[in-house]
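Novice: Show me the folded form of this:
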Amino acid sequence: AYMTMWTEEDVYIHQHSCMRSEPPQWVVYLDLSAKSRVYMKGIAPISPQWLPELAASMCERTTAVLEPPPKYNADKDDITCVIAPIFGPRNWEIPPKSVSMPLGPDRFKHFARLLLEGKVLPAFAAISTWLTDRPLMITRSWGSPKAARLLAALQLKKISTRQALLAVWDAEPRYLLPEVLLWVRAEHHKVLREAWPLREEAGSEKK
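Specialist: Residues are numbered from 1 along each chain as shown. So this is what the prediction gives:
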């Protein structure tokens, strides 16, 4: 038996249906027919993971879950996150799904974190030991002045992909240098200025 979104009684796949032998977990139907039982007519199997895209207005809790955290997909040059939505008036739980993180404050926060961690551009990994704080602090709600400066610079030019950042560097090679210097210990500032922009490793003086 199946439960529907709008009726209280159970509904069934008709005994002559080709799906009767191996009934799918989720289906859509065109109509109901009440006989000895209530049967679905015009049914088709669906994946519940389609619902956040095909019926977004009926989904809630579509923000990224905390674990696992959003990550950078180098092949697609995108930030992906996991969502675990609930669907419809009965709050059906949909299996977690990896999706592209929507453009907004959280996407810029995680792009900044992933950039400083060296996940977007490997050259940043070479300066990871120079940082005065863990990049993870950027994603915390209370933030910090230096996190706010970095995020404001990214949001101003809508930078949340590697391609967008490299394009800005082509026109403005010193873009983000003042903001990143706030994260780096003073003794490494000279090397970082000389190596900027970090398309390649920052040099051999990292400690």
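Novice: And residue 29, how close does it get to residue 84?
Specialist: From residue 29 across to residue 84, the span is 26 Å (Cβ to Cβ, to the nearest Å). Yep, even glycine has a C-beta here, placed from its N, CA and C like the rest.
Novice: Kindly report the same for residue 106.
Specialist: For residue 106, the distance to residue 84 (Cβ to Cβ) stands at 16 Å.
Novice: ok, now residue 15?
Specialist: For residue 15 relative to residue 84 (Cβ to Cβ), the value is 35 Å.
Novice: Then residue 160?
Specialist: Distance, residue 160 to residue 84, by Cβ to Cβ: 23 Å.
Novice: again with residue 118
Specialist: Look at residue 118 and residue 84: by Cβ to Cβ, they are 28 Å apart.
Novice: Residue 30 too?
Specialist: In this view, residue 30 and residue 84 are 29 Å apart by Cβ to Cβ.
Novice: Between those two, which is the more surrounded one?
Specialist: Neighbour count, other Cβ atoms under 10 Å: between residue 30 and residue 84, residue 84 has more, with 14 against 9.
Novice: for this structure, what spans make up the strands?
Specialist: In the chain, the strands defined using DSSP state E lie at 12-13, 27-28, 31-34, 38-41, 44-45, 59-60, 71-73, 78-83, 86-87, 92-93, 97-100.
Novice: To residue 192, which of the ones you listed lies closest?
Specialist: Evaluated over those, closeness to residue 192 peaks at strand 71-73, with 21.6 Å, by Cβ to Cβ.
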